[in-house]
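Chemist: No letters, just coordinates:
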């Protein structure tokens, strides 16, 4: 007797064929990896094929693999990970696509397939600098319009580059270089023999 995940695996291999770069099942979750060139067409198949019917895009995010495995990672730096839901078949799928260029990470936009991709892709652009080709309104969504850089990239400094404050003399908000001095916080440990006991 085949399990639900085995049926999903077979349906994916049958419907996608050569679009499957990698297909793994671990911890009761199926992860499909497709190449950037096949991303748009593979996602259309995932939505429209009768054996799959992934009607909903429930999440999409960017990932920076530059320090993954303590620097042992040898693949592409940026990926887009999507989570899909099939209400018809009651199964879920994770789809990962790696941007082929680390200097200008770019993959196709899913906004024509799932409208919910709009803000997810804007967030991935804002935080990671991933460009979604075909997105008709790709602009920052959570950081300020004057923000420089992409704060979720592993090489972005923790303190940032600029800080914002209200200047009472100019009577407006101004930006200035970061004035936070690095410091090392050492937690204080309190040991009591009978702490919490009465």
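Modeler: The structure has been received and is ready for your questions. Nothing here was measured: the structure is a model prediction, and the numbers come from that model. Numbers count the residues shown, from 1 in each chain.
Chemist: use CA for all of it now, contacts and neighbours both
Modeler: Will do.
Chemist: Which parts of the protein are strands?
Modeler: 22-26, 29-34, 56-64, 78-86, 91-98, 106-108, 131-133, 162-167, 172-177 (DSSP state E).
Chemist: Dump those into a markdown table; add distance to residue 120 as well.
Modeler: Listed next are these as a markdown table, based on distance: least, CA to CA, whole Å:
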| stretch | distance to residue 120 |
| --- | --- |
| strand 22-26 | 24 |
| strand 29-34 | 19 |
| strand 56-64 | 6 |
| strand 78-86 | 10 |
| strand 91-98 | 14 |
| strand 106-108 | 13 |
| strand 131-133 | 11 |
| strand 162-167 | 26 |
| strand 172-177 | 28 |
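Chemist: Pipe those into JSON lines and attach distance to residue 16, mean neighbour count and mean pLDDT per row.
Modeler: Listed next are these as JSON lines, based on distance: least, CA to CA, whole Å; neighbours: other CA atoms under 10 Å; pLDDT from 0 to 100:
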{"stretch": "strand 22-26", "distance to residue 16": "11", "mean neighbour count": "11", "mean pLDDT": "91"}
{"stretch": "strand 29-34", "distance to residue 16": "10", "mean neighbour count": "18", "mean pLDDT": "95"}
{"stretch": "strand 56-64", "distance to residue 16": "18", "mean neighbour count": "19", "mean pLDDT": "96"}
{"stretch": "strand 78-86", "distance to residue 16": "15", "mean neighbour count": "21", "mean pLDDT": "97"}
{"stretch": "strand 91-98", "distance to residue 16": "13", "mean neighbour count": "21", "mean pLDDT": "96"}
{"stretch": "strand 106-108", "distance to residue 16": "18", "mean neighbour count": "21", "mean pLDDT": "97"}
{"stretch": "strand 131-133", "distance to residue 16": "22", "mean neighbour count": "18", "mean pLDDT": "96"}
{"stretch": "strand 162-167", "distance to residue 16": "46", "mean neighbour count": "12", "mean pLDDT": "81"}
{"stretch": "strand 172-177", "distance to residue 16": "50", "mean neighbour count": "11", "mean pLDDT": "81"}
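Chemist: can you tell which of the ones you listed is closest to residue 144?
Modeler: strand 162-167 (10.3 Å; CA to CA).
Chemist: give the contact list for the closest residue in space to residue 62 that isn't next to it in sequence.
Modeler: In space, and not counting its chain neighbours, residue 62 is closest to residue 80: 4.6 Å by CA to CA, 6 or more residues apart in numbering. For residue 80, the contact set (CA atoms under 8 Å, 6 or more residues apart in numbering) comprises 60-63, 96-99.
Chemist: let's see it at 6 Å
Modeler: Neighbouring residues of residue 80 by CA atoms under 6 Å, 6 or more residues apart in numbering: 61-62, 96-97.
Chemist: List just the nearest of these to residue 74.
Modeler: For the contacts of residue 80, the nearest to residue 74 is residue 97 (15.3 Å; CA to CA).
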